[in-house]
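1. below is the structure, and that's it, no one-letter string:
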């Protein structure tokens, strides 16, 4: 059973979907809590501290992006959006608000389970060669606390997506990480060819972390291949 007791909060106003997900996820070892609207979801998350949230965008009381913002105000819990909205602008708004992944209805249970496993895996405490803290001349990456501090001690604010990319590269410090691997692990298998996402987010990371973003010292591009963290 893939869930192994992982606590998942499912938020959807469709009782049939809630029932189906509760049955299927429970059968795969997850401990499931359900909520039918955004307010109930925020209360359930605060009370139960789930390991991952599955969230529909079309809720009766709050927009899904408002729920994401409410969660992100205090929690880094992985959020997988499950929505009938297939327009790319809806996906971008959800991801920018702090969602970690986006699955479009109708969906296959095998794909959703894979997305949940990936989201939980990315959120787990990671280490690099046995180290949870990686220090460079200009900043420190704490993989356990999921924080980045400048040399002077100021925290660098990263979006969940920026953190996902940085964490993946830092965990493979000194090694080339292919474009497809980054896209697959950070965004999911449907985004394996969306290389323009990488250009945008790597540029943002460099502006936040590199002393001279135009001449990166830590976040290195291997043209046409992928990226490497040197530090």
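-> Sure thing, it's come through. The model shown is predicted, which means the values in this text are computed figures rather than measured ones.
2. and the one helix or strand residue 92 maps to, what's buried?
-> Counting by DSSP states H and E, the element that carries residue 92 is helix 88-97. Using 16 or more other CB atoms under 10 Å as the test for burial, helix 88-97 gives 90-91, 93-95, 97. Using the backbone N, CA and C atoms, a C-beta is placed for each residue, glycine as well.
3. out of these, who's nearest residue 118?
-> Relative to residue 118, the closest of the buried residues of helix 88-97 is residue 95; by CB to CB it sits at 14.7 Å.
4. and the strands in this protein, which stretches?
-> Assigned by DSSP state E, the chain shows strands spanning 7-11, 31-35, 52-55, 79-83, 101-104, 133-135, 139-142, 147-150, 177-178, 219-222, 226-229.
5. residue 187: which of those strands is closest?
-> strand 101-104 (7.0 Å).
6. tell me the strands beside that closest one, with direction?
-> strand 79-83 (parallel) (DSSP bridges).
7. quick one: contacts of the strand it pairs with?
-> Strand 79-83 has contacts (CB atoms under 8 Å, 6 or more residues apart in numbering) with 12, 52-58, 64, 68, 71, 90-91, 94, 98-105, 107, 112, 115-116, 119.
8. neighbours of residue 81, how many?
-> 28 (other CB atoms under 10 Å).
9. would you mind measuring from it to residue 110?
-> Note on residue 81: its distance to residue 110, by CB to CB, to the nearest Å, is 18 Å.
10. again with residue 47
-> Following CB to CB, the distance that separates residue 47 from residue 110 is 30 Å.
11. try residue 43
-> For residue 43 relative to residue 110 (CB to CB), the value is 31 Å.
12. the two: which has the busier surroundings?
-> Using other CB under 10 Å, the more surrounded residue of residue 43 and residue 110 is residue 43, with 11 against 8.
13. tell me which residues touch that one, please.
-> Neighbouring residues of residue 43 by CB under 8 Å, 6+ apart: residue 35.
14. ok, for residue 186, nearest residue in space, not its chain neighbours?
-> residue 164 (4.3 Å; CB to CB, 6 or more residues apart in numbering).
15. just checking, that neighbour touches residue 98?
-> No: assessed by CB atoms under 8 Å, residue 164 is found out of contact with residue 98, at 11.3 Å.
16. can you pull the contacts of residue 166?
-> By CB under 8 Å, 6+ apart, the residues touching residue 166 are 141, 148, 158, 205, 209, 229.
17. gap between the nearest residue to residue 86 once chain neighbours are set aside and residue 20?
-> Excluding its sequence neighbours, the residue lying closest to residue 86 (CB to CB, 6+ apart) is residue 104, at 5.0 Å. Per CB to CB, residue 104 is found 16 Å from residue 20.
18. what stretches of this structure score poorly on pLDDT?
-> Scanning the chain for pLDDT under 70 picks out the ranges 1-3, 124-131.
19. and it, what are its domains?
-> 7-123, 133-229 (automatic domain parsing).
20. just say which of those domains is most tucked in.
-> domain 7-123 (a mean of 18; mean count of other CB atoms under 10 Å).
21. that domain: end-to-end distance?
-> Domain 7-123 has an end-to-end distance of 13 Å (CA to CA, to the nearest Å).
22. now do the same contact list for residue 116.
-> So residue 116 contacts 3, 6, 8, 30, 52, 54, 80 (CB under 8 Å, 6+ apart).
23. widest-spaced pair of the contacts of residue 166?
-> Among the contacts of residue 166, 158 and 229 lie farthest apart (CB to CB), at 14.1 Å.
24. all helices for the protein, in order.
-> 15-27, 38-48, 64-72, 88-97, 109-123, 160-171, 179-186, 195-209 (DSSP state H).
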